[in-house]
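Q: sequence and predicted structure, then a few things I'm wondering about:
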Protein chains: 2
Amino acid sequence: MRAAVDLASVEGLGGLTIGRLADELKMSKSGLFAHFGSKEELQLASIEMARQMFTEHVIIPSLSSPEGMPRLWELCNRWLSHIEDRVFRGGCFFTAASFEFDSRPGPVRDRIAQVMETWLKMLSGAARRAQKAGHMQRSIDPDQFALEIDSLAIGAYWARELFGPKKTMGNTRSSIQRHLMSAATPACPKLRPIR
Amino acid sequence: MRAAVDLASVEGLGGLTIGRLADELKMSKSGLFAHFGSKEELQLASIEMARQMFTEHVIIPSLSSPEGMPRLWELCNRWLSHIEDRVFRGGCFFTAASFEFDSRPGPVRDRIAQVMETWLKMLSGAARRAQKAGHMQRSIDPDQFALEIDSLAIGAYWARELFGPKKTMGNTRSSIQRHLMSAATPACPKLRPIR
DNA sequence: GCACAAAACGAACGTTCGTGCTATTATAAA
DNA sequence: TTTATAATAGCACGAACGTTCGTTTTGTGC
């Protein structure tokens, strides 16, 4: 599954081909195929694996940060890091998959949308708790705010892949930090740079 | 070419297949193929067509707005509109193509990156002129600023395609407008909502 | 009406795709 | 050691892919 996720993150979920994956693993096509029964199942399994990896690298470690703005900041930071660290060989698995499948109805598209919705809810939930903790202005719509910082990260990834990593990611960290701070109250604790 | 762009915007530039396009146009594969000579040429021609359409729908009309912040705002607005209006059947041609080809070296990828760079330069150039006109704070880095508003639009498109158009685009308009206004000086003229 | 060029066509090529079969081999329980 | 079960391999299939070929249709200027 690790190989599948790597391949899919480079060639796209559609380009994740049973033959190529079998070659990579030095297996026969049919031997590999038997584990899934269909290409769609392979795709869904890859999504599941990628989701697990994302949870493990980004979400779980962030939960040890204190609730409120610090945890929101930590979530953003760890997401950017997981792109920089190339946890997926080809970049950001889910962003690429989203754009690839957004107009191809079916279980694969639905699952991707579901995972991304959960992620957005994670962000907006953190924002909402930041409001409850008095770290964030109550006039802000948490859902829209979550989408905004998510967009900044997606855009950074987009620019990085197209134009090279020059200073893109570092600049984006400060972009997002600025965005968080512009929404913060005086009671909000300092946001420490994680890297 | 219109049909090719439509097909590519739905199935992706890779899924733009000579056979399917021929079917759609009720032509023979070979008859269609003869016009291009290779699939890559077809892809490049599609990019060119999409670029022309984008220029026509977004850039040209914006040039009649006064230089500075108003024109920058108009560029953003028209980009959002051209997504809402589904100028490309499958959504935003270039955003999808960017993510599809970002890790597939070759002339197609290069051309996409080139077009997107030109577009970003258009935005940052407008921002720079807004600074010269005294509409925008000079402390702002125009390149980073351009990437930020581009990111917001990309993110809006991403959410729209995945979760449905509910209120996404409208909210994004105000997100971007807020972002512009937070960078504005007192001398900046009012930004009228275009739609 | 004819000649000539451009355009479209149908058939075939070699690959690769996903997907079924039927063997063969490893593994673990009896 | 035998036996049941899971994993892998081998082979073949129909379809679709990009591409090439020779032929036929279409349109234009004389």
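A: Done, it's in.

Q: contacts and neighbour counts: CA atoms only from here.
A: Fine.

Q: backbone dihedrals for residue A:136, both of them.
A: Torsion angles at residue A:136 (phi, psi; degrees, to the nearest 10) stand at phi -130, psi 140.

Q: that one - how many residues pack around it?
A: Applying other Cα atoms under 10 Å in any protein chain shown, we find 25 other residues in the vicinity of residue A:136.

Q: now the closest residue to it other than its chain neighbours: how far from residue B:165?
A: Spatial nearest neighbour of residue A:136, chain neighbours left out: residue A:184 (4.4 Å); criterion: Cα to Cα, 6 or more residues apart in numbering or on different chains. Distance of residue A:184 to residue B:165, computed by Cα to Cα, to the nearest Å: 29 Å.

Q: of these two, who's got more company?
A: Taking other Cα under 10 Å, residue A:184 and residue B:165 do not tie; residue A:184 has more neighbours (20 against 14).

Q: state the pLDDT value of the more buried one.
A: For residue A:184, the model assigns a pLDDT of 96.

Q: what about whatever helix or strand residue A:160 lives in and chain B, any contact?
A: Remark: residue A:160 resides in helix A:142-163, with elements defined by DSSP states H and E. Yes. Contact of helix A:142-163 with chain B (Cα under 8 Å from any Cα of the partner chain) involves A:144, A:147-148, A:150-156, A:158, A:161-163.

Q: who are the neighbours in contact with residue A:92?
A: A:9, A:83, A:86, A:157 (Cα atoms under 8 Å, 6 or more residues apart in numbering or on different chains).

Q: and it, backbone torsions?
A: Dihedral pair for residue A:92: phi -100, psi 110, per degrees, to the nearest 10.

Q: now it: how far from residue B:27?
A: For residue A:92 relative to residue B:27 (Cα to Cα), the value is 39 Å.

Q: was I right about the residue nearest to residue A:136 contacting residue A:133?
A: No. Using Cα atoms under 8 Å as the test, residue A:184 is too far from residue A:133 to be in contact (11.0 Å).

Q: helix or strand: which one has residue A:77?
A: Secondary structure from DSSP H and E places residue A:77 in helix A:69-84.

Q: from the contact counts, what lies against the helix or strand following that helix?
A: On the C-terminal side of helix A:69-84, the nearest following helix or strand under DSSP H and E is helix A:93-101. The elements that helix A:93-101 packs onto, with contact taken as 3 or more Cα pairs under 8 Å, 6 or more residues apart in numbering or on different chains; DSSP states H and E, are helix A:2-11, helix A:107-132, helix B:93-101, helix B:142-163.

Q: among the ones you listed, which is nearest DNA strand C?
A: With Cα to the nearest atom of the strand as the measure, helix A:2-11 is the member of the helices and strands packed on helix A:93-101 nearest DNA strand C (10.6 Å).

Q: residues from chain A in reach of chain B?
A: So far as Cα under 8 Å from any Cα goes, chain A lies against chain B at A:10-12, A:90, A:96, A:98-100, A:102-104, A:113, A:144, A:147-148, A:150-156, A:158, A:161-163, A:171, A:175.

Q: recalculate using a threshold of 7 Å.
A: Listed as neighbours of chain B in chain A under the rule Cα under 7 Å from any Cα of the partner chain: A:10, A:90, A:96, A:99-100, A:102-103, A:113, A:148, A:151-152, A:154-155, A:158, A:161-162.

Q: among those residues, which one has the lowest pLDDT?
A: residue A:90 (85).

Q: and the lowest-mean-pLDDT helix or strand in chain A, what's buried?
A: Every helix and strand in chain A was compared by mean pLDDT, DSSP states H and E; the lowest is helix A:168-182, with a mean of 88. Within helix A:168-182, the residues that count as buried by 16 or more other Cα atoms under 10 Å in any protein chain shown are A:168, A:169, A:172, A:173, A:175, A:176, A:177, A:179, A:180, A:181.

Q: ok, the third one to residue B:146 distance?
A: Distance of residue A:172 to residue B:146, computed by Cα to Cα: 12 Å.

Q: list the contacts of the spatially closest residue to residue A:155 that is not a sequence neighbour.
A: Among residues not flanking residue A:155 along the chain, residue B:151 sits closest, at 4.3 Å (Cα to Cα, 6+ apart). Listed by Cα atoms under 7 Å, 6 or more residues apart in numbering or on different chains, the contact partners of residue B:151 are A:151, A:152, A:154, A:155.

Q: was I right about the second one contacting residue B:152?
A: Spelled out, that is residue A:152. Yes. With contact defined as Cα atoms under 7 Å, residue A:152 reaches residue B:152; the gap is 6.4 Å.
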